[in-house]
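Student: one predicted model, sequence on top.
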Amino acid sequence: MLLAVDIGNTDVVLGVWHENHWKHVWRIRSLPHENTLYYESRLRQHLLDAGLRSGDFGRTVVSSVVPPLTGMFRTMLGSLFGTEPLLVSPEAYPALQVRIDRPHELGTDLFANAVAAYAKYRRNCVVVDFGTALTFTTVSAAGEVLGVAIAPGLRTAVKALAGNTAQLPDVPLRLPASAIGKNTVQSMQAGILWGYVGLVESLLGRIRAELGGDCVAVATGGLSSVLEPLQNQFVETNIHLTLDGLRIIGENG
């Protein structure tokens with residue numbers, strides 16, 4: 001068995017890979033101010049509920065975009081499973097080259113997304129990750145990460161608008177039927193959600209044009225199903241794409 005751990009800004013996602021599928025996927029809230037006990041107790045409970053023991057795992061692999069949690073999880077997993085976890089980086093998987101100005105700035109979750117998408121399609125590809133941030137990671141047919149575009153995620157945009165205005169509330173991420181809102185909630189939903197439909201379509205169009213038109217797109221992330229009108233833009237929506245990339249890196253890194 002392999003345990004993949006994706007430490008993000010909102011959640012820590014843990015996946016158990018066994019017999020060629022994700023047998024278990026768990027989420028723990030990312031709370032950088034919490035100590036090791038908070039995470040270890042929840043992980044132990046998940047293992048207990050699933051009837052798993054630490055000795056069942058042959059390898060653990062970790063991606064983290066939350067520096068305060070990186071060292072904590074490295075130590076905790078090493079102690080719990082008896083082996084040092086593999087920390088994802090471009091150096092850990094040289095089969096995919098990173099062609100950006102500062103490769104160390106590339107989020108390891110985005111690198112994992114790129115690894116998974118390229119391993120499956122072997123052609124120009126852009127991965128759109130609908131998470132805390134909305135990211136577009138472009139990979140070439142030659143197996144190179146060409147670059148990334150980053151925008152605020154859907155929930156981040158809603159919270160920013162509600163948090164910086166006196167009279168606008170937090171609203172559910174539900175796409176309204178009309179782009180012309182008839183009340184405050186509908187107006188915010190129309191502006192943000194229909195606005196993001198246009199944002200994604202526009203960026204995908206520009207990326208494809210820069211690559212000569214030959215480019216497939218893959219959607220992932222917890223909010224990838226919110227903007228239903230975008231589904232025809234993607235060859236697939238894979239909620240576990242990041243975990244898939246971590247698995248590939250863990251098995252070959």
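Tutor: Noted; the coordinates are in hand. Note that the structure is a prediction, hence the values are computed from the model and not measured.

Student: stretch 204-224 - what's its average pLDDT?
Tutor: The average of the pLDDT scores along stretch 204-224 is 95.

Student: check stretch 88-96 too.
Tutor: For stretch 88-96, the per-residue pLDDT values average out at 93.

Student: for it, measure first residue to last.
Tutor: Criterion C-alpha to C-alpha, to the nearest Å; first-to-last residue distance in stretch 88-96 is 12 Å.

Student: read off the pLDDT value for Gly143.
Tutor: Reading off the confidence values, Gly143 has pLDDT 96.

Student: is it in contact with Tyr118, as I believe?
Tutor: Yes. Under the contact definition of C-beta atoms under 8 Å, Gly143 touches Tyr118, with a separation of 5.9 Å. In short, each C-beta sits where N, CA and C put it, glycine included.

Student: more neighbours: those two, which one.
Tutor: Neighbour totals were compared for Gly143 and Tyr118, and Tyr118 leads with 24 against 14 (other C-beta atoms under 10 Å).

Student: a helix runs through that one, doesn't it?
Tutor: Yes. Tyr118 forms part of a helix when assessed by DSSP: H, G, I helix; E, B strand; the rest coil.

Student: contacting residues around it?
Tutor: 96, 125, 139, 143 (C-beta atoms under 8 Å, 6 or more residues apart in numbering).

Student: which residues in the protein form helices?
Tutor: Listed from the start of the chain, the chain has helices (DSSP state H) covering 36-50, 67-81, 108-121, 154-163, 184-189, 195-210, 241-252.

Student: the ones you listed: which one's closest to Gln233?
Tutor: For these, the distance to Gln233 is smallest for helix 195-210, at 5.8 Å, taking C-beta to C-beta.

Student: report all helices and strands that the closest one contacts.
Tutor: Packing contacts for helix 195-210, counted by 3 or more C-beta pairs under 8 Å, 6 or more residues apart in numbering; DSSP states H and E, involve strand 125-130, strand 133-139, strand 144-152.

Student: most packed of the ones you listed?
Tutor: Among these, strand 125-130 has the highest mean neighbour count (mean count of other C-beta atoms under 10 Å), at a mean of 26.

Student: sheet-wise, list the partners of that strand with their directions.
Tutor: If you go by DSSP bridges, strand 125-130 pairs up with strand 133-139 (antiparallel), strand 216-220 (parallel).

Student: need the residues that contact it.
Tutor: Judged by C-beta under 8 Å, 6+ apart, the contacts made with strand 125-130 from elsewhere in the structure are 109-110, 113-114, 116-118, 134-139, 153-154, 200, 204, 207-208, 215-224, 226-227, 234, 241-242.

Student: what angle separates it from helix 154-163?
Tutor: Here strand 125-130 points in a direction 40 degrees away from that of helix 154-163 (axes from the mean of the first three to the mean of the last three C-alpha atoms, to 10 degrees).

Student: quick one, strand 125-130 and helix 241-252 angle?
Tutor: Note on geometry: by the same axes, to 10 degrees, strand 125-130 and helix 241-252 are set 120 degrees apart in direction.

Student: rounded mean pLDDT for strand 125-130, please.
Tutor: pLDDT averaged over strand 125-130 equals 97, rounded to a whole number.

Student: my guess is Arg123 contacts Ala141, does it?
Tutor: Yes. Counting by C-beta under 8 Å, Arg123 does reach Ala141; the two are 4.7 Å apart.
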